[in-house]
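Colleague: Whatever this is, show me its structure:
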Amino acid sequence: MSWAELSVVVPRGYIEAVSAALFELGALGLQEDFLPGEKPPVRQPWDTGSPPPLPKRALLRAWWNKDDVASSHQQIASTLFGMDGVGEPVWQDQTDDGWADAWRARCVRVEVVPGWAVAPPWLAESGDLIVEPGMAFGTGEHPTTLSCLRAVQDHAVRGERCLDVGTGSGVLAIAAARAGMDAWGIDIDPESVRAAHDNAALNGVQIR
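Modeller: Next up, the predicted model:
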């Protein structure tokens, strides 16, 4: 399937208003990103004090079915230009394969605890939990995933049951299985279910 992707820079205080406007104009999905070089460092559990302030601007990406939005570009641009400080919208075509390739290119090896990491196959070292990047969420880099991985390492009890809700790539269930737990994962996305099974096999563990 082909998608039309809109990228626009907005003041941080306008994120909710612009997001609502884009959904009103038919956007099927939206993602908030940091501009290049503006992403603050990830807060670690041992960090103290106030977190650094967020950048004053954000990059919003929104997607429409390409066939449905072609006649609406001007209306969308007019709506955005009516908001003070919003940048010029930039359009580009995107495909499902393009998303998967972009996700793959962004993956890195993430150290969970000293001596143990989550990594894509081409960056993995001995003992790493391996995740094949694809359309399913969960490569260990996101702060919530990283925190949950550390919690699994800290609290896993061999033989006990672990339920990974919204399993995505299956990374948390796989980590629990590696720690000797009876690991289960659930997800509403068929692509995630397939990815979780494939990644479990890649790591030589069984999850249900």
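Colleague: Please name the residues that touch Met181.
Modeller: By CB atoms under 8 Å, 6 or more residues apart in numbering, the contact list for Met181 reads Ala156, Val157, Arg158, Gly159, Glu160, Arg161, Cys162. C-beta coordinates here come from the backbone N, C-alpha and C atoms, glycine included.
Colleague: Select the helix or strand of this protein having the lowest average pLDDT value.
Modeller: Across the helices and strands of the chain, the lowest-confidence element by mean pLDDT, DSSP states H and E is helix 96-106, at a mean of 63.
Colleague: Would you mind identifying the next helix or strand past that one?
Modeller: strand 110-113 (DSSP states H and E).
Colleague: Which neighbouring elements make contact with that following strand?
Modeller: Counting contacts by 3 or more CB pairs under 8 Å, 6 or more residues apart in numbering; DSSP states H and E, strand 110-113 packs against strand 116-119, helix 143-155.
Colleague: Out of those, flag the one nearest Leu28.
Modeller: Across those, Leu28 has its closest neighbour in helix 143-155 (23.6 Å, CB to CB).
Colleague: Convert the C-alpha atoms of that closest one to PDB, please.
Modeller: Output of helix 143-155 as PDB, limited to C-alpha atoms (Å, rounded to 0.1, in the frame of the first residue of the first chain):
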ATOM      1  CA  PRO A 143      12.700   4.200  27.400                       C
ATOM      2  CA  THR A 144       9.600   2.300  28.400                       C
ATOM      3  CA  THR A 145      10.900  -0.900  26.800                       C
ATOM      4  CA  LEU A 146      14.300  -0.400  28.300                       C
ATOM      5  CA  SER A 147      12.800   0.100  31.800                       C
ATOM      6  CA  CYS A 148      10.600  -3.000  31.400                       C
ATOM      7  CA  LEU A 149      13.600  -5.100  30.200                       C
ATOM      8  CA  ARG A 150      15.500  -4.000  33.300                       C
ATOM      9  CA  ALA A 151      12.500  -4.900  35.500                       C
ATOM     10  CA  VAL A 152      12.400  -8.400  33.900                       C
ATOM     11  CA  GLN A 153      16.100  -8.800  34.700                       C
ATOM     12  CA  ASP A 154      15.600  -7.700  38.300                       C
ATOM     13  CA  HIS A 155      12.400  -9.500  39.200                       C
END
